[in-house]
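Curious how this folds, go ahead:
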Amino acid sequence: MTRAKKKWYVILPLIVMSISFGLFSLHLEAQESGFSSLKNTISGLVAKKPGNSVVGVAVVDIRTGETIYTYNANQALNPASNAKIVTAAGALKLLGPEFTFNTELYGKVSTRNVQGSLYLKGYADPTLRTADLWALARELKANGVRRIGGGIIVDDSYFDENNMPFAFDEQPDEDNKFRTPVGAVSLNHNALGIQIRPGATAMTKALVDMDPPEYAMVVNDSLTTASGAYNPKISSTPYEDRTKIRVWGQVPLGATPTWYYRRIDNPSLFTGYALKGVLKELGISVGGDVRTGAIPSGTPLIARHSSEALSSVLWETGKMSNNFVTEMVLKTIGAESAPGPGTWEGATEAVAKQLTAWGVKKGTYKYRNGSGLFSANAFSANHFCAVLRAAYLDTTIRPEFLSQLATGGADGTIKSRYQHSSTKRYVRAKTGTLDSVSALSGYVLDETGQHPIAFSILVNNASGYVAAARKYQEDIVTAIARYLNN
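Numbering: from 1, shown residues only. Modelled structure (predicted):
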């Protein structure tokens with residue numbers, strides 16, 4: 001090689017490196033300039049907070065951890081259902097995306113009979129449905145069983161006896177299904193189906209059917225009318241160890257049969273009576289009643305049902321904001337994190353340890369229930385951005401965590417929102433709404449997937465301004481999306 005060629009052989013890579021470094025520097029300058037512009041835009045939007053509300057806002061670059069914008073971001077506020085972000089991320093990390101929930105039948109089978117009692121044991125499947133009980137019962141019948149001698153005993157010892165999440169007693173007379181109790185053996189989200197239809201003739205009682213049929217004590221004070229308004233009313237109240245359903249009001253002839261759903265009070269007996277009804281319909285007689293108790297050691301396993309993986313179950317938490325599913329998942333963390341029955345205290349302590357690992361200091365927040373109902377929790381915008389960033393950077397849970405969040409313009413609680421081309425499918429977020437609270441936290445993704453941004457926008461003291469608070473959040477998130485995708 002000649003001296004001239006050697007000279008260019010050495011100099012050319014240096015020139016290329018110099019040009020590359022210059023372009024990289026220009027890119028950083030452009031990005032910083034963009035963040036500066038974005039910060040100014042967000043600042044102007046944040047200043048337009050609705051009414052006398054209290055607002056906390058944080059916007060963070062996930063790759064670098066750089067804070068793009070904050071406003072009152074360290075104040076712990078009521079996050080409403082944004083608390084489900086903490087529960088979902090904690091569950092994926094502590095239980096694993098592939099975790100499943102089992103429901104099992106035990107008993108001693110001999111010559112077409114279960115000698116003694118049939119035992120139903122649950123491990124907190126939040127998705128268990130009547131159809132799953134049918135599958136278990138069919139498996140029992142396939143094993144030759146035609147009679148159960150000693151009734152059904154429900155073993156709910158996977159959880160302790162406290163089936164009400166923290167703060168759920170703040171509305172003690174609320175009987176709608178969003179406030180259902182939690183139990184290791186639960187069914188149909190612990191909501192009783194009640195069908196009301198007109199009777200055969202006017203001035204007779206309307207017809208009331210239950211699903212499942214044997215659990216509740218029913219008081220039917222309704223009336224079928226020849227005409228008039230359709231206005232049946234339903235109440236659900238505790239009755240002995242079960243639930244009393246009262247139906248009253250009028251149901252005109254020709255009215256369409258309609259299903260309603262109300263919370264129940266004893267998940268274990270609710271599921272046990274449903275199983276008893278299914279067994280009877282399959283031709284398996286059940287001697288004795290339904291009660292709770294422990295499975296004797298050595299009792300054989302007869303049948304098992306397993307839920308879908310946790311990663312699928314959490315769609316109900318993130319996309320649909322289902323309180324029951326979320327609280328079941330949270331208490332399962334308690335059951336799996338320490339010996340003995342699962343407790344709320346064990347569950348929240350396990351999640352607190354994980355939050356510490358993610359940089360959220362204990363004592364700076366309040367986390368008492370998993371769903372965010374009522375006044376149980378308090379988190380700051382910075383807390384949520386820390387959890388969102390940690391979950392995104394952890395490749396062992398990132399895909400599952402992202403997929404359970406609602407997708408802007410596509411599904412979940414923000415299906416009808418974020419329809420603009422810069423936001424549709426680029427916004428992945430969790431909503432939260434109470435009487436005076438509106439919360440929105442999540443991600444804005446860019447077209448390349450290389451520059452995700454985490455955000456949290458918490459609005460408290462917004463009574464009368466919840467709709468305005470939602471628009472306020474949308475304006476901020478849209479500004480971030482347009483910066484990334486326009």
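
Poorly predicted segments of the protein, please.
1-34 (pLDDT under 70).

how is it carved up into domains?
Per the record, the chain has its domains at 35-98+310-485, 102-307, by automatic domain parsing.

Give me the distance between the two termini of the shortest one.
By Cα to Cα, to the nearest Å, the extent of domain 102-307 from end to end equals 6 Å.

same question, stretch 185-195
Termini of stretch 185-195 sit 24 Å apart (Cα to Cα).

tell me which residues of that stretch are tucked away?
For stretch 185-195, burial by neighbour count (16 or more other Cβ atoms under 10 Å) applies to 185-192, 194. C-beta: built from backbone N, CA, C; applies to glycine.

Can you say which of the domains of the chain is packed in most?
Mean neighbour count, computed with mean count of other Cβ atoms under 10 Å, is highest for domain 35-98+310-485 among the domains of the chain, reaching a mean of 21.

how about the strands in the stretch 101-250 of the chain?
Using DSSP state E, counting those that start in this stretch, the strands found in the stretch 101-250 of the chain span residues 102-110, 113-122, 147-148, 152-155, 191-197, 207-211, 217-225, 233-239, 242-252.

among those strands, which is nearest Pro50?
Between Pro50 and the strands of the stretch 101-250 of the chain, the tightest spacing by Cβ to Cβ is seen for strand 191-197, at 34.0 Å.

Tell me the helices and strands packed up against that closest one.
With contacts taken as 3 or more Cβ pairs under 8 Å, 6 or more residues apart in numbering; DSSP states H and E, strand 191-197 sits against strand 207-211, strand 233-239, strand 242-252, strand 258-263.

Backbone dihedrals for the closest residue in space to Asp125 that isn't next to it in sequence, please?
Spatially, and ignoring its direct neighbours in sequence, Asp125 is nearest to Phe101 (3.7 Å; Cβ to Cβ, 6 or more residues apart in numbering). Here is the backbone geometry of Phe101 (degrees, to the nearest 10): phi -110, psi 130.

Run a quick check on Phe101 versus Thr127, I expect a contact.
Yes. Between Phe101 and Thr127 there is a contact at 7.5 Å, judged by Cβ atoms under 8 Å.

so what's Ala381 up against?
56-58, 70, 72-73, 77, 441, 456-458 (Cβ atoms under 8 Å, 6 or more residues apart in numbering).

Adding distance to Glu316, write the helices and strands packed on strand 191-197 out as JSON lines.
JSON lines is the format used below for the helices and strands packed on strand 191-197 (distance: least, Cβ to Cβ, whole Å):
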{"stretch": "strand 207-211", "distance to Glu316": "20"}
{"stretch": "strand 233-239", "distance to Glu316": "22"}
{"stretch": "strand 242-252", "distance to Glu316": "23"}
{"stretch": "strand 258-263", "distance to Glu316": "15"}
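
Give the helix, strand or coil label for the residue nearest in space to the middle of the chain.
In the chain, the centroid-proximal residue (Cα atoms, centre = their mean) is Thr317; its distance is 2.0 Å. The local conformation at Thr317, judged by DSSP: H, G, I helix; E, B strand; the rest coil, is helix.

Can you give me the distance of the nearest residue to it once chain neighbours are set aside to Gly122?
Of all residues beyond its chain neighbours, the one nearest Thr317 is Thr326 (4.7 Å), with distances taken as Cβ to Cβ, 6+ apart. Look at Thr326 and Gly122: by Cβ to Cβ, to the nearest Å, they are 18 Å apart.

now do Asn74
Taking Cβ to Cβ, one finds Asn74 at 41 Å from Gly122.

next helix or strand past the host helix or strand of the residue nearest to Thr317?
Taking DSSP states H and E as the definition, Thr326 sits inside helix 323-337. Counting by DSSP H and E, the next helix or strand C-terminal to helix 323-337 is helix 344-357.

Give me the packing partners of that following helix, helices and strands only.
helix 83-94, helix 323-337.

Send me the last one as CSV with only the CA atoms.
What follows is the C-alpha trace of helix 323-337 in CSV, where atoms were taken according to Å, rounded to 0.1, in the frame of the first residue of the first chain:
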residue,chain,number,x,y,z
ASN,A,323,-63.0,-3.7,40.1
PHE,A,324,-63.8,-7.3,41.1
VAL,A,325,-61.2,-8.8,38.9
THR,A,326,-58.6,-6.3,40.1
GLU,A,327,-59.2,-7.0,43.8
MET,A,328,-59.1,-10.7,43.2
VAL,A,329,-55.8,-10.4,41.5
LEU,A,330,-54.4,-8.2,44.3
LYS,A,331,-55.4,-10.6,47.1
THR,A,332,-53.9,-13.4,45.1
ILE,A,333,-50.6,-11.6,45.4
GLY,A,334,-51.0,-11.8,49.1
ALA,A,335,-51.8,-15.5,49.0
GLU,A,336,-48.8,-16.3,46.8
SER,A,337,-46.3,-14.0,48.7
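
gap between it and the chain center?
Between the centre of helix 323-337 and the centre of its host chain there is 10 Å, according to Cα atoms, centre = their mean, to the nearest Å.

tell me what that helix is packed against?
helix 83-94, helix 310-313, helix 315-318, helix 344-357.

closest one to Ile153 among these?
Proximity to Ile153, assessed across the helices and strands packed on helix 323-337 by Cβ to Cβ, is greatest for helix 344-357 (25.4 Å).

Can you name the residues in contact with the closest one?
Outside helix 344-357, the residues touching it (Cβ under 8 Å, 6+ apart) are 86-87, 89-90, 93-94, 162, 165-166, 330-335, 337-338, 362, 365, 367-370, 383, 387.

Helix 344-357 and the very next helix or strand once past it, what's the angle between them?
Counting by DSSP H and E, the next helix or strand C-terminal to helix 344-357 is helix 381-393. On the basis of axes from the mean of the first three to the mean of the last three Cα atoms, to 10 degrees, helix 381-393 is oriented at 80 degrees to helix 344-357.

What's the first helix or strand after helix 381-393?
Going down the chain from helix 381-393, the next helix or strand is helix 398-404, by DSSP H and E.

Mind exporting the C-alpha coordinates of that next one to PDB?
C-alpha atoms of helix 398-404 as PDB (Å, rounded to 0.1, in the frame of the first residue of the first chain):
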ATOM      1  CA  ARG A 398     -43.600  -5.000  28.900                       C
ATOM      2  CA  PRO A 399     -45.700  -6.800  26.200                       C
ATOM      3  CA  GLU A 400     -48.300  -8.000  28.600                       C
ATOM      4  CA  PHE A 401     -48.500  -4.700  30.500                       C
ATOM      5  CA  LEU A 402     -48.900  -2.700  27.300                       C
ATOM      6  CA  SER A 403     -51.500  -5.000  25.900                       C
ATOM      7  CA  GLN A 404     -53.800  -4.800  29.000                       C
END
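
hmm, back to that, which one, of the helices and strands packed on helix 323-337, ends up nearest to Asp394?
Closest approach to Asp394 among the helices and strands packed on helix 323-337 is made by helix 83-94 (7.2 Å; Cβ to Cβ).

Which elements pack onto that closest one?
Using 3+ Cβ pairs under 8 Å, 6+ apart: helix 83-94 touches helix 310-313, helix 315-318, helix 323-337, helix 344-357, helix 381-393, helix 398-404, strand 427-434.
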